[in-house]
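# structure here, sequence nowhere to be found:
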């Protein structure tokens, strides 16, 4: 197309360029409140029209803005409204606030477009781009596009009597970052190979998202509520991706052949279909079971956290035992730290871990505190007991509160120029667990299941320490944890899960280098090392309703955690000693951990 008529021309239109011709692009500006006539200003390809923030066009028949040219750009910063508008005088336009008939056109709304009886925006032409950053109020569809390869984005609010988006044409790319309220479908597409992304909120009386073409991919990061279906995928080879943190209300429907349902890591979910089930289902670690038309998903991070927390508690006890063993010796391993310590000691510990993104789900936090009291019987043997309180939490997924009672022995063997430090710990943990489950069949989309269960662990360790040169020491530690978890059944959910009893294991290898002050009035040391962890053991067995499955909650590879730490000692009189210890680390599971320990001991 080269030229066309713009019906409903404003009475006063400012044209920035000298003249609108086929070869010269014109910039039309509306900066005041206008009513419209049918004077017929000629538009050309590549022209632009801007409604300023003080400008407006209001009509009571036909469209506020319409044209039939290509590569036209309309930017609305003011108000466009078609109130009680009658059908168009000039077919084939649909009656709308804005109506374009042409290809490669762009419409940007930064304020308000209203059509009380018809579409707010209606376009018939390929390669159309529509961006709403403001408000669209429509008597029928908010945005209706008939043409291939359209690019439609909502960053504002759309209120529609019919559909929020109605897109007819292959290759559409539709994104909602704002809010769509629709009396029929939130987003309705009829083309093949469409891509639909929701990062905002869709609230629809019928379907939140309905697709009818083949090869469509729908991804939800936000909230989708549908009175009939939240998602209704009718075409073959369609895909629905639910991203952790999103929420759905309303049945799912996969009526086309070869449909795929991908469930992101982090979910605990009960996703029900209307009988149209997907051909392929994927979930993190494959942790889902299906009972008829309901797909149950379990976030295994909560189960793995028990073993991880036991390993962290054991590692903290190992470090405490090593510190006490060395503090009782004046040799190459001590390198200047206070010697000949025998007697009681008490230690306060705190730790924090933040998951950046793990192989299962990111964003979780764990934090805890521990009180440990011990007695050094000599410079080579002692015992301890303590209590640990910890919490693991992932928003919209799970929370576990744990209390652990632990006791153990520690000691040191002199190897003539080196030390062999050892410890043996055993503990019993009581857990109060909560799973937050996304259930798309209930109002609000969430329900909570709770459970109480116990765990027991045993954790030996042994480390070899040798001085490489004055002030520089090498450590190599081997650690092991065996954790037995009791079976339990949840309560409180529509369909509660039963988890079977199991035994899991963790082995660790930790090489470390330490630099220590010599003859310092306030002894301190700094260390750096890497801990390698290997997990194995029984899978997690899960039964929900009539469905059951068995899943591995840990990676088959090796986790590596690099860390740096520091320790300082300060005497409190002649017999008492204060020791402070801090550590920071980052693992290949992309988990950051911080810990601090404060110890007071007395010499005899």
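In hand now; what should we look at? For clarity, every value in this text was computed on a predicted model and none was experimentally measured. Numbers count the residues shown, from 1 in each chain.

# can you list the weak-confidence ranges in this structure?
Where the chain drops to pLDDT under 70, the residues are 1-25, 36-42, 84-95, 318-341, 356-363, 518-520, 603-604.

# give me the most central residue, it.
residue 244 (4.9 Å; Cα atoms, centre = their mean).

# now it. Nearest residue, chain neighbours left out?
residue 266 (3.4 Å; Cβ to Cβ, 6 or more residues apart in numbering). In this view, the C-beta of every residue, glycine as well, is placed from N, C-alpha and C.

# helix or strand: which one has that neighbour?
Following DSSP states H and E, one finds residue 266 outside all helices and strands.

# I figured it hits residue 299, correct?
Yes. Contact criterion Cβ atoms under 8 Å: residue 266 and residue 299 qualify, at 5.8 Å.

# which of those two has more neighbours?
residue 299 (28 against 25; other Cβ atoms under 10 Å).

# would you say that one is within a strand?
No. Counting by DSSP: H, G, I helix; E, B strand; the rest coil, one finds residue 299 to be coil, located in no strand.

# top strand in the chain by residue count?
strand 446-469 (DSSP state E).

# tell me what it is packed against?
For strand 446-469, the packing partners by 3 or more Cβ pairs under 8 Å, 6 or more residues apart in numbering; DSSP states H and E come out as helix 301-327, strand 418-439, strand 472-485, strand 488-489, strand 497-499.

# buried set for the third one?
Looking back up the chat, that one is strand 472-485. Buried residues in strand 472-485, counted by 16 or more other Cβ atoms under 10 Å: 473, 475, 477, 479, 481-485.

# am I right that residue 384 sits in a helix?
No. Counting by three-state DSSP, residue 384 is not part of a helix but strand.

# the residue nearest to it when sequence neighbours are not counted pairs with what?
Sequence neighbours aside, residue 374 is the residue nearest to residue 384 in space, at 3.3 Å (criterion: Cβ to Cβ, 6+ apart). With DSSP bridges as the criterion, residue 374 is bridged to residue 345, residue 384.

# now residue 210
residue 188, residue 232.

# thinking again about what came up before, need the buried residues of strand 472-485 in CSV with distance to residue 74, can you?
Formatted as CSV, the buried residues of strand 472-485 follow (distance: Cβ to Cβ, whole Å):
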residue, distance to residue 74
473, 73
475, 70
477, 69
479, 67
481, 66
482, 69
483, 64
484, 68
485, 63
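
# closest one of the residues you listed to residue 505?
Using Cβ to Cβ, residue 482 comes nearest to residue 505 of the buried residues of strand 472-485, at 5.4 Å.

# tell me where the stretch 201-350 of the chain has strands.
Under the criterion DSSP state E, counting those that start in this stretch, the stretch 201-350 of the chain contains strands at 201-204, 207-211, 217-220, 223-233, 239-242, 247-254, 260-263, 269-272, 280-282, 288-291, 294-297, 343-355.

# list the contacts of the first one.
In other words, strand 201-204. Residues outside strand 201-204 that contact it (Cβ atoms under 8 Å, 6 or more residues apart in numbering) are 164, 176, 178-187, 208-209, 222-227.

# gap between it and the chain center?
The chain centre lies 21 Å from the centre of strand 201-204; the measure is Cα atoms, centre = their mean, to the nearest Å.

# quick one: buried residues of that strand?
201-204.

# same question for the shortest one.
Neighbour-count burial for strand 280-282 flags residue 281 (criterion: 16+ other Cβ under 10 Å).

# output the contacting helices and strands for that strand.
The contact analysis (3+ Cβ pairs under 8 Å, 6+ apart) places strand 280-282 against strand 260-263.

# one more time with 10 Å, if that's ok
strand 260-263, strand 288-291 (3 or more Cβ pairs under 10 Å, 6 or more residues apart in numbering; DSSP states H and E).

# hang on, the earlier thing: okay, now the residue nearest to residue 384: neighbour count?
Close neighbours of residue 374, defined as other Cβ under 10 Å, add up to 25.

# likewise residue 285?
Counted with other Cβ under 10 Å, residue 285 comes out at 20.

# do the same with residue 133
17.

# mind checking how far it is from residue 112?
Per Cβ to Cβ, to the nearest Å, residue 133 is found 11 Å from residue 112.

# common neighbours of these two, please.
76-77, 156-157 (Cβ atoms under 10 Å, 6 or more residues apart in numbering).

# ok, the spatially closest residue to residue 317 that is not a sequence neighbour - contacts?
Nearest in space to residue 317, with sequence neighbours left out and distances taken as Cβ to Cβ, 6+ apart, is residue 425 at 4.8 Å. Shown in contact with residue 425 (Cβ under 10 Å, 6+ apart): 310, 313-314, 316-318, 320-321, 384-386, 406-410, 457-461, 481.

# how about 6 Å then?
By Cβ atoms under 6 Å, 6 or more residues apart in numbering, the residues touching residue 425 are 314, 317, 406, 408, 459.

# pretty sure residue 524 contacts residue 568?
Yes. Assessed by Cβ atoms under 6 Å, residue 524 is found in contact with residue 568 at 4.0 Å.

# mind listing the shared neighbours of these two?
Counting by Cβ under 6 Å, 6+ apart, nothing touches both residue 524 and residue 568.

# the helix or strand where residue 167 lies: how far from the chain's middle?
Assigned by DSSP H and E, residue 167 falls within strand 165-168. Relative to the chain's own centre, strand 165-168 is displaced by 29 Å; criterion: Cα atoms, centre = their mean.

# neighbouring contacts of the helix or strand following it?
Next along the chain after strand 165-168, taking DSSP H and E as the criterion, comes strand 173-176. Here strand 173-176 makes contact (Cβ under 6 Å, 6+ apart) with 151-154, 165, 187, 195-198, 200.

# who does the very next helix or strand once past strand 173-176 pair up with?
Counting by DSSP H and E, the next helix or strand C-terminal to strand 173-176 is strand 179-182. Sheet pairing for strand 179-182, assigned by DSSP bridges, gives strand 157-160 (parallel), strand 201-204 (parallel).

# quick one: closest of the ones you listed to residue 305.
Judging the strands paired with strand 179-182 by Cβ to Cβ, what sits closest to residue 305 is strand 201-204, at 31.4 Å.
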